[in-house]
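> Next come a sequence and a model predicted from it.
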Amino acid sequence: MEESKVYLVSGNKKKAEEFLKILDGKLDIELVDIDLPEFQGSPEEITLHKCKSAYEKIKKPVFVEDTSLCFNAYNGLPGPYVKWFLKSVGAQGLYNMLEAYQDKSAYAMTLIGYYDETKMSDPIIFKGKIDGEIVKPRGEKGFSWDPIFKPNGHSLAFSEMDMDVKNQISHRYLCLLKVLVSFFIILYTLYIITFHFYYIYIYLFLLHNIN
């Protein structure tokens, strides 16, 4: 039987926890705790490189994720490099970068790459994006830059929301929703093809055996 399991390759336990929580068993996923090399480039380029690197390590179908926090006043920075900004200046430091700017709008974006070298030449990339604004750090839930990102249409920052609430609106949720839709379309298409071939086979069998 062809393997249907996909391996989530990530060294970030918090991201992986949210990833699996959002999917809630809808896909057969196994976590592989590996830190991948750090790549530079656009979010799409980084995700492509991570996908191929992950596949090279385990030689099985993989998911990888890359998430960006983008300030419009900085033309999209820190973007995919937000992790390094956090390590250097923290959430408060990220907020301070915008303190002198009237425009505190931002967006959070997750890219998820899927790759199976036996079925495709290049990874498939899914994108989820949510607009919001940067606020002073608040709340004690969540992780990373959650304390400074407040999504539009909500009064709470991500770090003030219960995980179940955040996981119904976040950039990661929107991205995984696209993943699920795509996977179920593929499975449904394969089911229909198999169904039709089965009945064609029965028809031909009967045609051949009935005088």
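Okay, I see it.

> which residues does the residue lying closest to His49 once chain neighbours are set aside contact?
Spatial nearest neighbour of His49, excluding adjacent residues (C-beta to C-beta, 6 or more residues apart in numbering): Phe39 at 4.2 Å. Bear in mind the C-beta positions are built from the backbone N, C-alpha and C, glycine included. When contacts are counted by C-beta atoms under 8 Å, 6 or more residues apart in numbering, Phe39 touches Glu45, Ile46, His49, Lys50, Ser53.

> which SS state does Phe39 fall under?
Here Phe39 is coil, with the state taken from DSSP: H, G, I helix; E, B strand; the rest coil.

> going forward can the numbers begin at 54, since that is how I track them
In the new count, where the first residue is 54, that last one comes out as Phe92.

> How much space separates it from Ser106?
Separation of Phe92 from Ser106 (C-beta to C-beta, to the nearest Å) stands at 8 Å.

> Repeat that for Ala126.
33 Å.

> three-state assignment of the residue nearest the centre of the chain?
Centroid-nearest residue in the chain, with C-alpha atoms, centre = their mean: Ile165, separated by 3.6 Å. Here Ile165 is recorded as strand under three-state DSSP.

> And it, what's its pLDDT?
The predicted structure scores Ile165 at 97 on the pLDDT scale.

> beta partners for it?
Following DSSP bridges, Ile165 is listed with bridge partners Glu118, Phe179.

> Good, we can wrap up now.
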